[in-house]
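Student: After the sequence you'll find the predicted model.
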Amino acid sequence: MESLYTAEALSTGAGRAGHVRTVDGFIDLDLAVPSSMGGSGNGANPEDLFAAGYAACFHSALQAVARSEKVDIHDSTVGSRVHIGSNGQGGFQLAVELEVYLPDVDRDTAQRLADAAHQVCPYSNATRGNIEVTVSVVDD
């Protein structure tokens, strides 16, 4: 693969309860284990970062698909939920829910655009076949 961009980050301290910083300094966060997993919950966690990245990336893919099909998706949003749980074998696994909101676009067109974005988005391509990802169109 010919790289168009490389992001670089460093995790220090206690991993999920440590610190993460990107080399460019745009992300510089203390991390905390979520309270539902026995931690303090007083900070971001890797699932927060993954959810934010996936939502933004998928939204960009959705906009690109809509532009190519000449569909106006002004005021569109993409929400994401990243779940973490046991994989039943002593480890953990993720699952993702993506919610696409396209005001003023009929439901069939919105679903077609969302499905096409799911084929284009790098996060979707990276996770396909590895974790469950659900993409749904929501009315509001």
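Tutor: That came through, no problem.
Student: Make sure Val135 is indeed in a helix.
Tutor: No: the assignment for Val135, made by DSSP: H, G, I helix; E, B strand; the rest coil, is strand rather than a helix.
Student: Surely it touches Arg112?
Tutor: No: under the contact definition of Cβ atoms under 8 Å, Val135 does not touch Arg112, with a separation of 11.5 Å. Any C-beta I mention is one placed from the backbone N, CA and C, and that applies to glycine too.
Student: more neighbours, the two?
Tutor: Val135 (19 against 16; other Cβ atoms under 10 Å).
Student: Bridged to that one, which residues?
Tutor: Beta-bridge partners recorded for Val135 (DSSP bridges): Leu98.
Student: could you check the distance from it over to Thr22?
Tutor: 28 Å (Cβ to Cβ, to the nearest Å).
Student: and if you look at Leu29?
Tutor: For Leu29, the distance to Thr22 - Cβ to Cβ - is 10 Å.
Student: Pull the contacting residues for the most centrally placed residue in the chain.
Tutor: Nearest residue to the geometric centre of the chain (Cα atoms, centre = their mean): Tyr54, 1.9 Å. Tyr54 is in contact with Ser80, Val82, Val96, Leu98, Tyr123, counting by Cβ atoms under 8 Å, 6 or more residues apart in numbering.
Student: what about the nearest residue to Arg107 once chain neighbours are set aside, neighbour count?
Tutor: Using Cβ to Cβ, 6 or more residues apart in numbering and skipping the chain neighbours, the partner closest in space to Arg107 is Val137 (6.1 Å). Residues lying near Val137 (other Cβ under 10 Å) number 19.
Student: what residues are up against Val137?
Tutor: Counting by Cβ under 8 Å, 6+ apart, the residues that Val137 touches are Glu99, Val100, Tyr101, Leu102, Arg107, Ala110, Gln111, Ala114.
Student: And what about the nearest residue to the first one once chain neighbours are set aside, helix, strand or coil?
Tutor: Spatial nearest neighbour of Glu99, chain neighbours left out: Gly79 (4.3 Å); criterion: Cβ to Cβ, 6+ apart. Assigned by three-state DSSP, the conformation of Gly79 is strand.
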